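Asks: Fold the following for me, if possible:
(chains A and B)
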Amino acid sequence: MKTLRIYATQNLGLLIAIAIFLVLYLIYATQLSRFGMNVVLQNANEVVPLALVSMAQTVPVLLGGLDLSVGPLMTMINCIASEFLAGDIWSVLFGCVLCLVIGSACGLLNGCIVVYGRIQPIIATLATGAIFIGVALFVRPTPGGKVDGDLSWALTNDINELGYTYGWWEDLGWFGLIPLPAVFLVLVVLLVWIPFRRSATGRGCYAIGSAEGAAYMSGIAINRSKLAAFTLAGFFAACAGLYLTLLTGSGNADAQQAGSYTLNSIAAVVIGGTSLFGGTGGCIGTIFGAMVIRAISFIFRVIDENSIFGFLASPLLQSLVEGAILLLAVSLGAARVFRVRNRLTLFT
Amino acid sequence: MSSATTRMGIDKPILIAGAFVIVILLVGSAYTLATQGTLSFLSPTYLLQQLQIASFLGITAAGMMMVILLGHIDLSVPWTLSAAAMLATAVGGPAAVPVGLGVGLVVGLFNGLGVAYLRVPSMIFTLGVNTVLMGLMVILTGGFAPQSAATDLMLFFGRDRTFGIPHAVILWIAVSVAIVFILNRTPLGRYMYAIGNREAATYLSGVNTRLVIICSFVICSLCAAIAGLLLAGYSSRAFQAMGDEYLLPSIAAVVLGGTHILGGRGKYLGTVIGAVLIVLLQSVLSVMQMPEAGRQIIYGAVIILMLLVYGRGDKLRA
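Replies: Coordinates of the predicted model:
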């Protein structure tokens, strides 16, 4: 019981994000007359790219930095992937691995500029973000792509559909209804994030975010942790770009879209309970943060125009409500300001 | 560094950025000399034209510098700029400019109150304000079609010239003089640098730090609003997302000018040179018919290389 309470206080942000998401999604699910697994699948498909790119944002934020290049990097991988995700299984596999390697390498480049160039992350990634958009435009000056149609259909559906498309298996019952995007997300968390979180390097990232000087004095390999964090961010951004390619079946070097993914990723990180000053939080919370952001837009699709909330039904209100909810969420965290006895504690 | 240059307020970033501006002009001139046999980049017409375009970025960056000096950032600049221009043109008539400036004032106050009193990180608070402003403007243009033509006063300042000198440049100079005065000659400016260095120490010295933060955000939003009104005058109309191209370049201009992104250090002259550098670089590259892809890559590479020369942080020591 006591450990449970300690866990709750340490992960308050995560729990709040889960609660907000559950409330929003329950409203959505009850309002929708045809709610079923196909709706969940469609929602999952919309959540996963934002969730992955927000996970990419989380790791540098844990260090106390900010990565403005996650959106552009995702767009760049999207454009590169749209060239390679075709042909037989081996060439598709090669394309996927290539994209993940390029993404990680770009993340490592960010890390090198921050660690060895000693330039602040926010400004270094602002510059590399411009470079990534440039490369994306170079690879794909006009939107398009030659992504294999079967592949993109099979991998963005549920498990049953994957079997049907390639003739691997027949109906698997309820198990087959699980959406593949959710499976991918869980796999990335289980195989990449959790091991990283538990490694000495990952714990070093949290230490750096809490107090860099103290971490240095404790003998933590500061440079290795920072390089690993940015590389991991590049990897997650590459995953997001790959999934976006499968989802849209094409590549599009859209700087506006890249910018909005970056800004939404910051919002998702904060809603998910990670502190922008670094040191606390994690990718699990961020995933729920991304789900909250997407759930807001889902709700706008189902509000009945004749209900008491009918005045909210206009899609024109969407970004206003999104912004208002973001402001409200971060202002709630400000409650402590009015409780402190000594204002000096606020400045640390 | 000789004492003469130090006394004039010229430091290493300003010297290097200034030298780079000249390099850009020389490379551009060599290109036009080789291809067309003219020196069009060095003609007063071209330079004044570029200064006019740079004035929009320069004024935005001047405001951005006020919050960066505190160690904060204002991500609501794009839609503050757009909202000021769009509301001003929607109202029209003699009330247009006051309404636009009023938008800047209100947004700045709101940002400042949120950051100073709620102590929400400025990064996320202004991001939320940006989204809210976007939502408001979407409702404005979605519900009914407001007029978007710039008024005479906006045209006068944004587009017109006297004796060949664009009025926008004159306004930029006026804003610059005001900001240099605030930074160097008033307590407010000194407090801004102090808060950027150590907020707790400034607070303990008896400074009303909350008021200083609010003032900085108000100046930042006012500058964005002025830039929006000028830009609407320059392009004769206001449109959605007209401010989107000013957020990252304005941060880049401030940082290229030698202001520390974590606050506390920086000279205003640097910001001016940073804005000129970015505008000239984009312009020369587009005249050289560099495709958009190459322009973005060079733009990013230039920022990194210049910061590697003079923007490096201190090494972590025990």
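Asks: if I've got this straight, A:Val23 is in a helix?
Replies: Yes. Secondary structure of A:Val23 (DSSP: H, G, I helix; E, B strand; the rest coil): part of a helix.
Asks: And it, what's its pLDDT?
Replies: Looking at A:Val23, its pLDDT reads 89.
Asks: what number of residues lie near it?
Replies: Counted with other Cβ atoms under 10 Å in any protein chain shown, the burial measure for A:Val23 works out to 12 neighbours. The C-beta positions use only the backbone N, C-alpha and C, and glycine is treated the same way.
Asks: ok, it - contacts?
Replies: Contacts were defined as Cβ atoms under 8 Å, 6 or more residues apart in numbering or on different chains; by that measure A:Val23 touches no other residue.
Asks: mind running it again at 10 Å?
Replies: By Cβ atoms under 10 Å, 6 or more residues apart in numbering or on different chains, the contact list for A:Val23 reads A:Val292, A:Ala295.
Asks: how far away is it from A:Leu14?
Replies: Distance from A:Val23 to A:Leu14, counting by Cβ to Cβ, to the nearest Å: 15 Å.
Asks: Now the spatially most central residue of chain B. Its backbone dihedrals?
Replies: Within chain B, one residue has its C-alpha closest to the average C-alpha position: by Cα atoms, centre = their mean, that is B:Ala61, at 1.6 Å. B:Ala61 has phi and psi values of phi -70, psi -30 when expressed as degrees, to the nearest 10.
Asks: Same check on A:Ser69?
Replies: Here is the backbone geometry of A:Ser69 (degrees, to the nearest 10): phi -100, psi 0.
Asks: contacting residues around it?
Replies: Neighbouring residues of A:Ser69 by Cβ under 10 Å, 6+ apart: A:56-57, A:60, A:76, A:106-107, A:109-110, A:121, A:124-133, A:230, A:233-234, A:237, A:258, A:262, B:300.
Asks: Same question for B:Lys315.
Replies: For B:Lys315, counting by Cβ under 10 Å, 6+ apart, the contacting residues are A:Arg118.
Asks: Give me the pLDDT value at it.
Replies: Looking at B:Lys315, its pLDDT stands at 75.
Asks: quick check, it in a strand?
Replies: No. According to three-state DSSP, the state of B:Lys315 is coil, so it is not within a strand.
Asks: Give me the three-state assignment for A:Glu322.
Replies: A:Glu322 is classified as helix under three-state DSSP.
Asks: Please tell me I have it right and it contacts A:Ala267.
Replies: Yes. Under the contact definition of Cβ atoms under 10 Å, A:Glu322 touches A:Ala267, with a separation of 8.4 Å.
Asks: Which one's more surrounded, these two?
Replies: Applying other Cβ under 10 Å to A:Glu322 and A:Ala267 shows that A:Ala267 carries more neighbours, namely 26 against 21.
Asks: Skipping its backbone neighbours, what lies nearest that one in space?
Replies: If the residues on either side of it in the chain are set aside, A:Ala267 comes closest to A:Leu326, at 5.3 Å by Cβ to Cβ, 6 or more residues apart in numbering or on different chains.
Asks: ditto for B:Leu136
Replies: On the basis of Cβ to Cβ, 6+ apart, the spatially nearest residue to B:Leu136 that is not a chain neighbour turns out to be A:Leu320, at 6.2 Å.
Asks: quick one: contacts for that neighbour?
Replies: Counting by Cβ under 10 Å, 6+ apart, the residues that A:Leu320 touches are A:Leu312, A:Ser314, B:Thr131, B:Val132, B:Leu133, B:Met134, B:Gly135, B:Leu136, B:Met137, B:Val138, B:Ile139.
Asks: let's see 8 Å
Replies: Taking Cβ under 8 Å, 6+ apart, one finds B:Thr131, B:Val132, B:Met134, B:Gly135, B:Leu136, B:Val138, B:Ile139 in contact with A:Leu320.
Asks: what's the answer for A:Leu73, then?
Replies: By Cβ under 8 Å, 6+ apart, the residues touching A:Leu73 are A:Ala56, A:Gly103, A:Cys106, A:Gly107, A:Gly129, A:Phe132, A:Gly234, A:Ala237, A:Ala238, A:Gly241.
Asks: Name the member of these with the most neighbours.
Replies: Of all those, the most densely surrounded is A:Ala56 (35 neighbours; neighbours counted as other Cβ under 10 Å).
Asks: pretty sure that residue belongs to a helix, no?
Replies: Yes. Membership of A:Ala56 in a helix is supported by three-state DSSP.
Asks: Return the residues in contact with it.
Replies: For A:Ala56, the contacting residues are A:Asp67, A:Val70, A:Leu73, A:Met74, A:Leu232, A:Ala233, A:Gly234, A:Phe235, A:Phe236, A:Ala237, A:Ala240, A:Ser265, taking Cβ under 8 Å, 6+ apart as the criterion.
Asks: In this structure the residue nearest to A:Ala267 contacts A:Ile271, no?
Replies: Yes. Contact criterion Cβ atoms under 8 Å: A:Leu326 and A:Ile271 qualify, at 7.2 Å.
Asks: Lowest-scoring secondary structure element of chain B by mean pLDDT?
Replies: Every helix and strand in chain B was compared by mean pLDDT, DSSP states H and E; the lowest is helix B:3-7, with a mean of 56.
Asks: Downstream of it, the next helix or strand is which one?
Replies: For helix B:3-7, the following helix or strand on the C-terminal side (DSSP states H and E) is helix B:12-35.
Asks: who touches that next one?
Replies: Contacts of helix B:12-35 (Cβ under 8 Å, 6+ apart): B:1, B:5, B:38-42, B:256-258, B:267, B:269-270, B:273-274, B:276-277, B:280-281, B:284, B:287-288, B:302, B:306, B:309-311.
Asks: Of those, which ones also sit close to chain A?
Replies: Applying Cβ under 8 Å from any Cβ of the partner chain to those, one finds that B:Gly311 fall near chain A.
Asks: Can you tell me which of the contacts of helix B:12-35 are buried?
Replies: Buried residues within these, counting neighbours by 16 or more other Cβ atoms under 10 Å in any protein chain shown: B:41, B:256-258, B:267, B:269-270, B:273-274, B:276-277, B:280-281, B:284, B:302, B:306, B:311.
Asks: Where helices are concerned, which of those count?
Replies: When helices are assigned by DSSP state H, the members of the buried ones among the contacts of helix B:12-35 inside them are B:Leu256, B:Leu269, B:Gly270, B:Ile273, B:Gly274, B:Val276, B:Leu277, B:Leu280, B:Leu281, B:Val284, B:Val302, B:Met306.
Asks: so what's A:Ile20 up against?
Replies: Residues in contact with A:Ile20, defined by Cβ under 8 Å, 6+ apart, are A:Ile271, A:Val292, A:Ala329.
Asks: If we only consider the residues you listed, which is nearest to B:Ala149?
Replies: When those are compared for distance to B:Ala149 (Cβ to Cβ), A:Ala329 wins out at 38.8 Å.
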